[in-house]
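Student: Sharing a model prediction with you, sequence too.
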Amino acid sequence: MTDNADKSMDDIVSLCKRRGFVYPASEIYGGINGFWDYGPLGTQLKNNLRDAWWEAMVLNPPKGPDGERLQIVGLDSSIIQNPKVWEASGHLAGFADPMRKCAGCGHFVRADQLWEMLATSSEWVDSLLQVFTPITGDIDTPRLMDWARKKGKKLAPNLALVRNPEVTLSWLAQRVNGQPDAPVEMKEFMRHVATEQLNATGLQEPCPRCGGELGEPAPFKLMFETWAGMVQNDDNKAYLRPETAQGIFINFKNVVDTSRVKVPFGIAQVGKAFRNEVTPRNFIFRSREFEQMEMEWFCHKDDATKWYKFWQTERKRWWESLGLTSDNLIMREHDKDELSHYAKEGAGTADVEYRYPFTAPGFGELEGIAHRSNFDLTQHENHSRTKLKYFDSARGELAKNGQPKGEHYLPDVIEPAAGLTRGVLALLCEAYTRDDSRPSPEFLKLHPRLAPIKAAVFPLVKKDGMPEVAEKLHDELQQRFGRTGFIETDAKQSIGKRYARMDEAGCPWCFTIDGDSLTEHTVTARNRDTGEQQRIAIAQVGDFLHKALNI
RNA sequence: GCGGGUGUAGCUCAGUGGUAGAGCAUCACGUUGCCAACGUGAGGGUCGGGCGUUCAAGUCGCCUCACCCGCUCCA
C-alpha cells in the first residue's frame, strides 16, 4: 500500500483531468478561482457516493444504540431563502465581521481582534516592547531610534516609526513632555508609533504584521449575494446558502406536521452550498461552490450526549466501509475555543478527519459532527415568531390514568455534516495507487460500490465472433447494473492496454471473451487490484458481478 | 491580500528573438490469442489572456487570469 504522504497531488489532479473526473471550471476562458467541474467519471463517482450516503441515512439507516429502528426522512430545500434565515442563523453577522485592510501589506485583520493580536501574536510588537517599558512610561528615544533602523526595518517595514522615525518620535515626545502627569499607556503608545501625520490623520492603529496603516473597518462578506427580482437593491437582496443545514431547520415544523415522525428523528439533505472563501486551495478540498451531505438529528436534550457519541462512531465506521483505511481517518474533538457560535453550549463538536496528501502527516476535515443544542430552532422561533416547539407525548409527569402528560420542547440537534465533494477527494486520494511492479503502475483502487465504471467486457481479439459475444454480455450487464455505474466494452488495441485503461479509471472487474467463450461458454474475470484471473461461465457473470460489487 | 514558483497538443514536457516539437494518449485501416505489442496513416496548438518593444516574440518588458507552495483566512 502506498502511504498518503508519498502520493503527489499533482499526479492525482493530472489523472482526474486525463480520465474525466474533475476539470477546472471555465477552463477555456482561463478558469475561475475556487470552482471545479465534474466530468463523466467524476459525476458518476460523486453520485455513487451521494447515493451511498442517502441509503445509509434515509433508505436503510443503521440501528440505534439500543438496537432500535431509526427514523430519518429526506428533504431538498431551496438554495435561496428569505435573507432573514441567515440573520437568524448568525451567518449574516458572522460572515460580515468587520475587517480592516492594511494599506501596507494588504493583510486583513478582524477589527474586534486587533488589539488582542497586537498583544499576543505580533512579532514586531514583541520586539518593540523590549526597548520600551509601558509601566514606567519612559521613552528612551535613542533606543527607539536604534530599533527603528535595525529590527524595526525588518519586522515592521510599514510602521510610521520605521518609515519616518524623527517625525514620529517628535510627536511622541510632545505628548509625553506636554503631559508628564499622564503617562502613555500601551494602546496610545502603539498608536503613536504608527502615526507620522498626526494633524492630518489623527492617531493610527498599526497592522500586527507589518505595522502599516489600517483602513476603516468594513464587512468582509463570505456569503455570495444576489438579487431576487429585476431591480437590484437592498430590499430584494438574497444570499446563496453557505450551508444546507438551515433549510432543514426552517422546515422542521413542516416535516413534523406532515410526516408522522417522532423525536428522536432525523432530516437529511444533500445539496450545493456556497462560501466566498478568501483562499480556495488544495484542488476540490476548499472550493467556493461545494456539496454537502447533512443530517440533522433531533432529540431530547437529555439524550443529546448519547446521540452525539453514537453518530461519531457511526459516521467514522461508514467512511471506513467505503474503503478509507482507518490509519488515514481520525476522530478529533474540537477544543473549546474552536467551537462555532452554535456549538458553544453543547456537548461539543468532533471532526472526522482524513489524511489527505497535502495535509499528511496531518489531517484535514472530511465531516463534522456537532451538537448544535437547540440554538438554531431557538433562533428561528424568535426571528420568525413561529412556534417550533415539539410536543412529546411520551415524556412528562404521569397523569391519573398512568399516561405521561407530555412535554413541549425545542429538540437538541446532533448534526453529522459531511462534505460530498471532500468525500470524492478523499476517495480519489485513498484509491490512487502506484505500483511500479505492475504493467499498469498507476491505478485507482476505488471501492467497487463507488467505482463509476462497474465492469468492462472485452473480446480478446476482434474476430471469430468474439465482439458479438462481448456486445451481448455488455448489454445484459448494462441492463442489470446500469443504474449503479457504467459498463464498458472495448475491442481496440491490445488486451493489456485495455486492462490498464480500466485500472486507471478504477474499474474493478474486466470480463474477457476468448476462444473458449465460443465453445465452452466461459469467460475470464480479471481483478483490478491483484490482476488475477478466474474462469467463470458466461451465464454466471451477472451474479458474479452482483456479489463482487456488494450491492 | 502578501511572497515565491509554474503556465507550449488530452497528459508529461523540450524549445534563450528567425517556418511550433517529442513521448504517451486519441481516431482510421491492417495485424492480434490474457496484462500499457506492432505496422501504415490521420486529427489535434492564435504557446493562459491583453498591451507593448522589434523587420520579426513561445522567447524581451508591462498588465492580467489560473494553478502550486508558504504566510493569512477558514462563522
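Tutor: Ah, there it is.

Student: Please count neighbours and contacts with C-alpha atoms only from this point.
Tutor: Fine.

Student: In stretch A:299-317, which residues are buried?
Tutor: Buried residues in stretch A:299-317, defined by neighbour count with 16 or more other CA atoms under 10 Å: A:299-301, A:304-305, A:307-308, A:311-312, A:314-316.

Student: now stretch A:474-492
Tutor: For stretch A:474-492, using 16+ other CA under 10 Å, the buried residues are A:474-475, A:477-478, A:481, A:484-491.

Student: Over to stretch A:13-23?
Tutor: Buried, per 16+ other CA under 10 Å, within stretch A:13-23: A:13, A:15-17, A:19-23.

Student: how about the residues of the stretch 151-300 of chain A that lie near RNA strand B?
Tutor: A:242-243, A:277-283 (CA under 7 Å from any atom of the strand).

Student: Domain map for chain A?
Tutor: A:4-79+A:244-430, A:98-218, A:445-549 (automatic domain parsing).

Student: can you redo the ones you listed as JSON lines with mean pLDDT and distance to A:Ser437?
Tutor: Conversion of these to JSON lines gives the following (pLDDT from 0 to 100; distance: least, CA to CA, whole Å):
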{"stretch": "domain A:4-79+A:244-430", "mean pLDDT": "90", "distance to A:Ser437": "17"}
{"stretch": "domain A:98-218", "mean pLDDT": "74", "distance to A:Ser437": "49"}
{"stretch": "domain A:445-549", "mean pLDDT": "93", "distance to A:Ser437": "12"}
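
Student: Quick one, which of those gets closest to A:Asp234.
Tutor: Closest to A:Asp234 of the domains of chain A is domain A:98-218 (CA to CA; 17.1 Å).

Student: gap between the closest one and the chain center?
Tutor: Distance of domain A:98-218 from its chain centroid, counting by CA atoms, centre = their mean, to the nearest Å, is 38 Å.

Student: same check, this time on stretch A:443-452
Tutor: Per CA atoms, centre = their mean, the centroid offset for stretch A:443-452 relative to its chain is 22 Å.

Student: end-to-end on that stretch?
Tutor: 14 Å (CA to CA, to the nearest Å).

Student: quick one: buried residues of it?
Tutor: A:443-452.

Student: ok, of these, which one's closest to RNA strand B?
Tutor: Using CA to the nearest atom of the strand, A:Phe443 comes nearest to RNA strand B of these, at 7.2 Å.

Student: Confirm A:Gln292 sits in a strand?
Tutor: Yes - counting by DSSP: H, G, I helix; E, B strand; the rest coil, A:Gln292 is located in a strand.

Student: residues in contact with it?
Tutor: A:Gln292 makes contact with A:243-244, A:269-273, A:417-421, according to CA atoms under 8 Å, 6 or more residues apart in numbering.

Student: Now that we have the residues you listed, which of them are buried?
Tutor: Buried among the contacts of A:Gln292 by 16+ other CA under 10 Å: A:243-244, A:269-273, A:417-421.

Student: Which ones among those lie within helices?
Tutor: A:420-421 (DSSP state H).

Student: Just the C-alphas of stretch A:369-387, formatted as PDB.
Tutor: The C-alpha trace of stretch A:369-387 is given here as PDB (Å, rounded to 0.1, in the frame of the first residue of the first chain):
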ATOM      1  CA  ILE A 369     -20.300  16.000  14.000                       C
ATOM      2  CA  ALA A 370     -21.700  18.900  16.000                       C
ATOM      3  CA  HIS A 371     -24.000  19.200  19.000                       C
ATOM      4  CA  ARG A 372     -25.900  22.400  18.000                       C
ATOM      5  CA  SER A 373     -28.000  22.300  21.100                       C
ATOM      6  CA  ASN A 374     -31.300  23.900  20.200                       C
ATOM      7  CA  PHE A 375     -29.500  27.100  19.000                       C
ATOM      8  CA  ASP A 376     -30.900  27.100  15.500                       C
ATOM      9  CA  LEU A 377     -34.500  26.200  16.400                       C
ATOM     10  CA  THR A 378     -34.500  28.800  19.100                       C
ATOM     11  CA  GLN A 379     -33.100  31.400  16.700                       C
ATOM     12  CA  HIS A 380     -35.700  30.600  14.100                       C
ATOM     13  CA  GLU A 381     -38.500  30.600  16.700                       C
ATOM     14  CA  ASN A 382     -37.500  34.000  17.900                       C
ATOM     15  CA  HIS A 383     -36.800  35.600  14.500                       C
ATOM     16  CA  SER A 384     -39.800  34.200  12.700                       C
ATOM     17  CA  ARG A 385     -42.100  34.400  15.700                       C
ATOM     18  CA  THR A 386     -43.400  31.000  14.800                       C
ATOM     19  CA  LYS A 387     -43.800  28.400  17.500                       C
END
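
Student: what about A:Gly20, which SS state?
Tutor: From three-state DSSP, the assignment for A:Gly20 is coil.

Student: Confirm for me that it is in contact with A:Leu45.
Tutor: No - A:Gly20 lies out of contact with A:Leu45 (CA atoms under 8 Å); the separation is 10.9 Å.

Student: A:Ala228 reaches A:Asn236, doesn't it?
Tutor: Yes - with contacts counted by CA under 8 Å, A:Ala228 reaches A:Asn236, the gap being 5.6 Å.

Student: Now do the same contact list for A:Ala456.
Tutor: Shown in contact with A:Ala456 (CA under 8 Å, 6+ apart): A:474, A:487-490, A:502, A:507, A:509-511.

Student: Just checking: what are the partner strands of the one helix or strand it maps to?
Tutor: According to DSSP states H and E, A:Ala456 maps onto strand A:453-459. Under the criterion DSSP bridges, strand A:453-459 sits next to strand A:486-489 (parallel), strand A:509-513 (parallel) in its sheet.

Student: CA atoms only: put that strand into PDB for me.
Tutor: The C-alpha trace of strand A:453-459 is given here as PDB (Å, rounded to 0.1, in the frame of the first residue of the first chain):
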ATOM      1  CA  ILE A 453     -17.300   2.100 -14.100                       C
ATOM      2  CA  LYS A 454     -18.500  -1.200 -12.700                       C
ATOM      3  CA  ALA A 455     -17.200  -3.600 -15.200                       C
ATOM      4  CA  ALA A 456     -15.800  -3.900 -18.700                       C
ATOM      5  CA  VAL A 457     -16.400  -6.600 -21.300                       C
ATOM      6  CA  PHE A 458     -13.600  -7.200 -23.800                       C
ATOM      7  CA  PRO A 459     -13.300  -9.500 -26.800                       C
END
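
Student: following it, which helix or strand comes up?
Tutor: Using DSSP H and E, the first helix or strand after strand A:453-459 is helix A:466-481.

Student: what's that following helix packed up against?
Tutor: strand A:453-459, strand A:486-489, strand A:509-513, helix A:515-519, helix A:541-549 (3 or more CA pairs under 8 Å, 6 or more residues apart in numbering; DSSP states H and E).

Student: check whether that helix contacts RNA strand B.
Tutor: No - figure legend: helix A:466-481 not in contact with RNA strand B (CA under 7 Å from any atom of the strand); closest approach 7.8 Å.

Student: residues in contact with that helix?
Tutor: So helix A:466-481 is in contact with A:454, A:456-461, A:486-489, A:491, A:512-515, A:518, A:538, A:542, going by CA under 8 Å, 6+ apart.

Student: give me the subset of the residues you listed touching RNA strand B.
Tutor: A:460-461, A:512-515.

Student: now that we have these, which one has the most neighbours?
Tutor: A:Ile513 (27 neighbours; other CA atoms under 10 Å).

Student: Does that residue touch A:Arg526 like I think?
Tutor: No - counting by CA under 8 Å, A:Ile513 does not reach A:Arg526; the two are 11.5 Å apart.

Student: what does the stretch 351-500 of chain A have sitting close to RNA strand B?
Tutor: So far as CA under 7 Å from any atom of the strand goes, the stretch 351-500 of chain A lies against RNA strand B at A:358, A:438-442, A:460-464, A:492-500.

Student: go again using 10 Å as the cut-off
Tutor: A:357-360, A:364-365, A:368, A:434, A:436-443, A:458-467, A:490-500 (CA under 10 Å from any atom of the strand).

Student: sorry, back to before: so what's the gap between the strand holding A:Ala456 and the chain middle?
Tutor: 34 Å.

Student: With stretch A:202-220 instead?
Tutor: 31 Å.

Student: Then stretch A:378-391?
Tutor: Distance, centroid of stretch A:378-391 to centroid of chain: 29 Å (CA atoms, centre = their mean).
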